[in-house]
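[1] Here is the input, now give the coordinates:
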Amino acid sequence: MTTYRSALVLTLILAESSIELVPNELVRHPAILKWAQRKKRDPHSLILDQTYHHSAILRLGARGVGRGRPDIAHFSLLLALGSPLNLLGELKCYVHTRDNNIIDVNSKARLPRNTDRFTSLLEQLYQDRVVPPTGGALLSIKHGSIGNLLDEISGMVIALTTTGPRKEMNEIASRLAEYHKPVLLVGGFPKGHFSNETLSKVKESYQIYSQGLEAWTVVARAIYDYERASAV
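    Purely as a prediction, here's the structure:
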């Protein structure tokens, strides 16, 4: 049986995640149409996925860099939701998407282990706005910017970046544990940096390694060190 403590809750936000519906300019591309036919779905309702839509994304040129990576949020959420911190009820997860949607993740959600199934779940979520459509919501989605979400949470926000001053993750975790409403931003994209809009909303930003790390690696290290800092 899971035991819940009265400790503070860390909010983890996968910001600017590479999740979006196929943009209108690509819906007639052969790779998109082929995948839509295979899944028996309207091409407009598909989640852009680099694995199957690579040739279509190339048509976007520089605008296509880093797009179509729902696997990043998938792997990161699997690690976060399976952590002791979450099992103790002390973690809250959100996914902010590049098309400015906010996905609210129920801490009790059991996500598919297969990324294709996770992507299909996202497609259902974009269509129905909540999954499952009846009963308790495991995932829900609403339109909103990262600023909207941070204003709603109204907590101390620290972002992990590749451009901020260097600080060890255990030091950042200890700092987060000092606050009543700690919020940690991790980029849900494969390369690049947070937008200026996002950075304008954070109180502090740091890099934890001299090179860029995969988002799920950052999430795993951050949660582990926060668990230690908050004595989970």
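[2] helix or strand for the residue nearest to Pro165 when sequence neighbours are not counted, which one?
    Once flanking residues are discounted, Pro165 sits nearest to Tyr206: 5.9 Å by C-beta to C-beta, 6 or more residues apart in numbering. Bear in mind the C-beta positions are built from the backbone N, C-alpha and C, glycine included. Using DSSP states H and E, Tyr206 sits within strand 204-206.
[3] distance between that strand and the chain's centre?
    18 Å (C-alpha atoms, centre = their mean, to the nearest Å).
[4] for that strand, packing partners?
    Using 3 or more C-beta pairs under 8 Å, 6 or more residues apart in numbering; DSSP states H and E, the elements in contact with strand 204-206 are strand 156-160.
[5] List the buried residues of the helix or strand following the strand it packs on.
    The first helix or strand that comes after strand 156-160 along the chain, using DSSP H and E, is helix 169-176. By 16 or more other C-beta atoms under 10 Å, the buried positions in helix 169-176 come out as Met169, Asn170, Ile172, Ala173, Arg175, Leu176.
[6] for stretch 144-156, same thing?
    So, applying 16+ other C-beta under 10 Å, buried residues of stretch 144-156: Gly144, Ile146, Leu149, Leu150, Ile153, Gly155, Met156.
[7] just stretch 120-129 next, same as before
    For stretch 120-129, the buried set under the neighbour-count rule, 16+ other C-beta under 10 Å, comprises Ser120, Leu121, Leu122, Glu123, Gln124, Leu125, Tyr126.
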